[in-house]
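Participant: Quick one: sequence plus predicted model below, questions after.
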Amino acid sequence: MLLPFSKANRIEAGCDEVGRGCLCGPVVAAAVILPPDYANEWINDSKKIGRQKRLLLTREIKARALAWSIGRAEVEEIDQINILNASYLAMHRAIDTLKVQPEHLLIDGNRYQPKHPIPFDCIIKGDGKYASIAAASILAKTYRDQLMVDLAKEYPGYEWEKNVGYPTKKHREGIQQLGHTPLHRKSFRLLPDQIKPNR
């Protein structure tokens with residue numbers, strides 16, 4: 001069972017992002033505030049949970065959380081300000097739209113660039129330590145995975161429905177054969193030889 005909070009008697013929001021290593025699509029972040037007495041043994045790092053269980057947990061988290069929100073930074077923003085700053089931007093947007101104001105932020109990872117005056121802690125592998133960060137990772141991944149599955153219908157040939165934008169062999173074969181799409185991150189190394197034919 002993951003830890004319910006870092007410090008008792010304060011409103012903590014767990015924050016995490018997904019999609020930094022993808023070749024295409026937005027980077028997506030989530031922020032979640034769980035009730036202090038909430039406990040669910042199945043909540044964990046989203047990468048360690050199968051798709052069906054993630055979907056069930058997504059519904060559970062949305063129903064039980066005191067507040068939750070999704071933020072995203074688009075491909076154009078990633079290319080303009082780089083993926084790290086775009087990840088911060090997505091987190092800021094998620095935090096900005098929470099319906100409950102957090103008193104403290106628990107950020108997954110070792111770096112964060114605050115926009116808000118809210119105190120925060122960066123926690124390496126936090127999605128495997130704190131329930132609120134794990135819940136955020138689940139919401140962000142569920143949202144982004146479904147987005148890429150939907151976009152795969154508009155841009156077939158890259159297997160986004162399976163790789164959700166990560167640099168698999170099939171994805172790169174699609175880029176080689178079909179060219180890049182408007183959703184590909186032009187600032188990323190899409191192919192080892194950097195061929196970027198237009199679709």
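Facilitator: Perfect, thanks for sending it.

Participant: For the helix ranked longest in the chain, could you pull out the residues that count as buried?
Facilitator: Assignment by DSSP state H gives helix 131-154 as the longest helix of the chain. Neighbour-count burial for helix 131-154 flags 131-145, 147-148, 151-152 (criterion: 16 or more other C-beta atoms under 10 Å). Any C-beta I mention is one placed from the backbone N, CA and C, and that applies to glycine too.

Participant: again, but for stretch 168-179
Facilitator: 168, 171-172, 174-175.

Participant: can you give me the mean pLDDT across that stretch?
Facilitator: Averaged over stretch 168-179, pLDDT sits at 95.

Participant: swap in stretch 36-54?
Facilitator: Stretch 36-54 shows a mean pLDDT of 92.

Participant: show me where pLDDT drops low in this structure?
Facilitator: Applying pLDDT under 70 to the chain flags the ranges 193-199.

Participant: try 90
Facilitator: Within the chain, the segments meeting pLDDT under 90 span 36-37, 47, 116, 191-199.

Participant: now the strands: where do they sit in it?
Facilitator: With DSSP state E as the criterion, the chain has strands at 12-18, 27-33, 67-73, 104-108, 120-123.

Participant: Distance to L89 and mean neighbour count added to those, as TSV?
Facilitator: Formatted as TSV, those follow (distance: least, C-beta to C-beta, whole Å; neighbours: other C-beta atoms under 10 Å):
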stretch	distance to L89	mean neighbour count
strand 12-18	10	29
strand 27-33	8	30
strand 67-73	4	22
strand 104-108	14	24
strand 120-123	16	16
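
Participant: In a markdown table: those strands, plus distance to N85.
Facilitator: Listed next are the strands of the chain as a markdown table, based on distance: least, C-beta to C-beta, whole Å:
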| stretch | distance to N85 |
| --- | --- |
| strand 12-18 | 12 |
| strand 27-33 | 10 |
| strand 67-73 | 8 |
| strand 104-108 | 15 |
| strand 120-123 | 16 |
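
Participant: ok now stretch 174-183, how far from the chain's centre?
Facilitator: On the basis of C-alpha atoms, centre = their mean, to the nearest Å, stretch 174-183 sits 23 Å off its chain's mean C-alpha point.

Participant: next one: stretch 11-19
Facilitator: That offset, for stretch 11-19, works out to 8 Å (C-alpha atoms, centre = their mean).

Participant: now swap in stretch 12-31 and tell me
Facilitator: The mean C-alpha position of stretch 12-31 is separated from the chain mean by 2 Å, C-alpha atoms, centre = their mean.

Participant: same thing with stretch 24-36?
Facilitator: On C-alpha atoms, centre = their mean, the centre of stretch 24-36 falls 6 Å from that of its chain.

Participant: Neighbours of V75, how many?
Facilitator: Residues near V75, counting by other C-beta atoms under 10 Å, number 21.

Participant: What distance do you get for it to A152?
Facilitator: 16 Å (C-beta to C-beta, to the nearest Å).

Participant: what do you get for A94?
Facilitator: Computed as C-beta to C-beta, the A94 to A152 distance reads 24 Å.

Participant: What segments of the chain are helices?
Facilitator: 51-64, 75-81, 83-96, 131-154, 160-163, 169-178.
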